[in-house]
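# Structure here, sequence nowhere to be found:
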């Protein structure tokens, strides 16, 4: 089974993005993990909490959308953790924060598993 970080790195590589570009976008969205930590996560060397993983995925997906106008296939997207997805969040009360611009504050998704 492929891990979230592997699929996120695959999407990043496919789109020709650098870790630095993804990290900068992630920070601009409110993330506060350093570039070295994001790089280590993407290469499977450091775990991140689900919320931070999802923020990195969101950053990758937004950059893909910006670069390609959303025309890349669904297989070229960074996945979200099982406990968080934009669709699932839309169905829940707006009490959580995620990486979407409509939320204020820093990027922090609280999932049921931590």
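Received it, and whenever you're ready, just let me know what you need. All values reported here derive from a predicted model rather than from experimental measurement. Numbering: from 1, shown residues only.
# and residue 14, what pLDDT?
Residue 14 is assigned a predicted lDDT (pLDDT) of 89.
# State the distance from it to residue 7.
Distance from residue 14 to residue 7, counting by C-beta to C-beta, to the nearest Å: 10 Å. Bear in mind the C-beta positions are built from the backbone N, C-alpha and C, glycine included.
# what does residue 58 give?
In terms of C-beta to C-beta, residue 58 sits 14 Å off from residue 7.
# Strands of this protein, start to end?
Listed in chain order, the strands of the chain (DSSP state E) amount to none at all.
# What are the buried residues along the biggest helix by length in it?
Identified as the longest helix of the chain according to DSSP state H is helix 50-68. The neighbour-count check on helix 50-68 (16 or more other C-beta atoms under 10 Å) flags 50-64 as buried.
# by contact count, what packs against that helix?
helix 4-14, helix 19-28, helix 35-42 (3 or more C-beta pairs under 8 Å, 6 or more residues apart in numbering; DSSP states H and E).
# overlap in contacts of residue 58 and residue 7?
Common contacts of residue 58 and residue 7, defined by C-beta atoms under 8 Å, 6 or more residues apart in numbering, comprise residue 78.
# Low-confidence ranges, the chain, go.
1-2, 68-75, 83-114 (pLDDT under 70).
# what about residue 47, distance to residue 40?
Distance, residue 47 to residue 40, using C-beta to C-beta: 9 Å.
# Compare these two and say which is more crowded by neighbours.
Neighbour totals were compared for residue 47 and residue 40, and residue 40 leads with 17 against 11 (other C-beta atoms under 10 Å).
# what sits against that one?
By C-beta under 8 Å, 6+ apart, residue 40 lies in contact with residue 46.
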